[in-house]
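Engineer: Kindly generate the corresponding structure for this input.
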Amino acid sequence: MAAARRDILALLRQVEDKIASSIVENAVAYDGGGNEVLNKTGDASEIAITREEQAKLAGASLIHNHPDGTVASGAAIRNIPPSVDADLDLLLSCRLAEVRVVTRRFRYFLKARHDPRYHEQEQRVLSIR
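Structural biologist: Just a heads-up that it's a prediction; the model follows:
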(Lines give C-alpha, C1' and ligand atoms only; values in the text may rest on other atoms or scores of the structure.)
Protein backbone atom coordinates (compact mmCIF):
# COMPACT_ATOMS: atom_id res chain seq x y z
CA MET A 1 0.00 0.00 0.00
CA ALA A 2 1.41 3.39 -0.92
CA ALA A 3 2.46 5.66 1.93
CA ALA A 4 -0.02 8.35 0.87
CA ARG A 5 -2.94 5.89 1.02
CA ARG A 6 -1.81 4.68 4.46
CA ASP A 7 -1.75 8.30 5.64
CA ILE A 8 -5.27 8.89 4.32
CA LEU A 9 -6.55 5.70 5.98
CA ALA A 10 -4.96 6.80 9.27
CA LEU A 11 -6.70 10.17 8.92
CA LEU A 12 -10.06 8.49 8.24
CA ARG A 13 -9.60 6.25 11.31
CA GLN A 14 -8.83 9.29 13.50
CA VAL A 15 -12.05 10.97 12.41
CA GLU A 16 -14.02 7.73 12.93
CA ASP A 17 -12.65 7.45 16.47
CA LYS A 18 -13.48 11.11 17.17
CA ILE A 19 -17.14 10.98 16.06
CA ALA A 20 -18.08 7.38 16.99
CA SER A 21 -19.48 8.33 20.41
CA SER A 22 -21.05 11.64 19.42
CA ILE A 23 -24.71 12.10 20.40
CA VAL A 24 -25.40 14.01 17.17
CA GLU A 25 -24.76 13.02 13.57
CA ASN A 26 -21.53 14.18 11.96
CA ALA A 27 -20.29 13.89 8.39
CA VAL A 28 -16.73 14.51 7.27
CA ALA A 29 -15.47 13.81 3.75
CA TYR A 30 -12.01 13.71 2.21
CA ASP A 31 -11.03 13.55 -1.42
CA GLY A 32 -8.45 11.06 -2.70
CA GLY A 33 -5.63 13.43 -1.79
CA GLY A 34 -6.71 13.70 1.85
CA ASN A 35 -8.21 17.18 1.50
CA GLU A 36 -11.31 17.84 3.60
CA VAL A 37 -14.27 18.63 1.32
CA LEU A 38 -17.09 18.48 3.90
CA ASN A 39 -17.41 18.82 7.67
CA LYS A 40 -20.93 19.10 9.09
CA THR A 41 -22.83 18.42 12.29
CA GLY A 42 -26.53 17.58 12.40
CA ASP A 43 -28.87 16.62 15.20
CA ALA A 44 -29.47 13.29 16.95
CA SER A 45 -31.22 11.68 13.98
CA GLU A 46 -30.09 13.33 10.75
CA ILE A 47 -27.71 15.58 8.94
CA ALA A 48 -28.69 17.71 5.94
CA ILE A 49 -26.25 17.89 3.04
CA THR A 50 -27.09 20.55 0.46
CA ARG A 51 -26.89 20.05 -3.30
CA GLU A 52 -23.85 22.33 -3.41
CA GLU A 53 -22.13 20.16 -0.79
CA GLN A 54 -23.16 16.96 -2.58
CA ALA A 55 -21.55 18.24 -5.79
CA LYS A 56 -18.16 18.28 -3.99
CA LEU A 57 -18.40 14.65 -2.87
CA ALA A 58 -17.80 12.66 -6.08
CA GLY A 59 -14.94 10.25 -5.46
CA ALA A 60 -14.62 11.21 -1.78
CA SER A 61 -14.59 9.03 1.32
CA LEU A 62 -17.40 10.14 3.65
CA ILE A 63 -17.22 9.31 7.35
CA HIS A 64 -20.53 9.46 9.15
CA ASN A 65 -21.79 8.35 12.54
CA HIS A 66 -25.08 6.84 13.70
CA PRO A 67 -25.74 8.03 17.27
CA ASP A 68 -28.58 5.49 17.61
CA GLY A 69 -26.17 2.63 16.89
CA THR A 70 -27.91 1.40 13.70
CA VAL A 71 -25.62 -0.81 11.63
CA ALA A 72 -25.81 -2.86 8.46
CA SER A 73 -25.44 -6.60 8.61
CA GLY A 74 -24.54 -8.87 5.73
CA ALA A 75 -27.12 -11.38 6.97
CA ALA A 76 -29.88 -8.78 7.17
CA ILE A 77 -29.11 -6.72 4.07
CA ARG A 78 -32.58 -7.34 2.64
CA ASN A 79 -34.13 -5.61 5.68
CA ILE A 80 -32.08 -2.44 5.55
CA PRO A 81 -32.79 0.05 8.36
CA PRO A 82 -33.85 3.51 7.08
CA SER A 83 -30.63 5.19 8.23
CA VAL A 84 -28.52 2.64 6.35
CA ASP A 85 -30.73 2.99 3.26
CA ALA A 86 -30.07 6.75 3.37
CA ASP A 87 -26.33 5.99 3.46
CA LEU A 88 -26.73 3.80 0.36
CA ASP A 89 -28.63 6.53 -1.44
CA LEU A 90 -25.92 9.08 -0.58
CA LEU A 91 -23.18 6.70 -1.74
CA LEU A 92 -24.81 6.21 -5.14
CA SER A 93 -26.30 9.66 -5.79
CA CYS A 94 -23.08 11.51 -4.88
CA ARG A 95 -20.84 8.92 -6.54
CA LEU A 96 -18.78 8.61 -3.38
CA ALA A 97 -15.80 6.28 -3.29
CA GLU A 98 -17.10 4.95 0.03
CA VAL A 99 -19.24 5.68 3.05
CA ARG A 100 -17.62 4.76 6.35
CA VAL A 101 -20.20 4.55 9.16
CA VAL A 102 -19.32 4.35 12.83
CA THR A 103 -21.26 3.83 16.04
CA ARG A 104 -20.09 3.39 19.61
CA ARG A 105 -19.64 -0.36 18.99
CA PHE A 106 -19.39 -0.94 15.24
CA ARG A 107 -17.88 0.30 11.99
CA TYR A 108 -19.00 -0.58 8.49
CA PHE A 109 -17.94 0.50 5.05
CA LEU A 110 -20.12 0.79 1.96
CA LYS A 111 -18.70 0.77 -1.55
CA ALA A 112 -20.47 0.57 -4.90
CA ARG A 113 -19.44 -0.13 -8.44
CA HIS A 114 -19.99 3.14 -10.28
CA ASP A 115 -20.12 1.57 -13.69
CA PRO A 116 -22.62 2.58 -16.40
CA ARG A 117 -22.92 -1.07 -17.46
CA TYR A 118 -24.75 -1.85 -14.21
CA HIS A 119 -28.36 -1.00 -13.51
CA GLU A 120 -28.87 1.08 -10.34
CA GLN A 121 -30.40 -1.88 -8.47
CA GLU A 122 -27.38 -4.01 -9.27
CA GLN A 123 -25.13 -1.24 -7.96
CA ARG A 124 -26.77 -1.68 -4.56
CA VAL A 125 -24.90 -4.97 -4.19
CA LEU A 126 -22.23 -3.75 -1.83
CA SER A 127 -19.36 -5.05 0.14
CA ILE A 128 -20.02 -4.56 3.83
CA ARG A 129 -17.01 -5.19 6.03
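
Engineer: how near is residue 20 to residue 100?
Structural biologist: Distance, residue 20 to residue 100, by Cβ to Cβ, to the nearest Å: 11 Å. No exception for glycine: its C-beta is placed from N, CA and C like everyone else's.

Engineer: what about the two, which has more around it?
Structural biologist: residue 100 (24 against 19; other Cβ atoms under 10 Å).

Engineer: for that one, helix, strand, or coil?
Structural biologist: strand (DSSP: H, G, I helix; E, B strand; the rest coil).

Engineer: Quick check: which element contains residue 44?
Structural biologist: Counting by DSSP states H and E, there is no helix or strand that carries residue 44.

Engineer: Settle this for me: it is touching residue 23, isn't it.
Structural biologist: Yes: look at residue 44 against residue 23 with Cβ atoms under 8 Å: they come within range, at 6.3 Å.

Engineer: Which neighbours do the two have in common?
Structural biologist: Residues touching both residue 44 and residue 23 (Cβ atoms under 8 Å, 6 or more residues apart in numbering) are residue 67.
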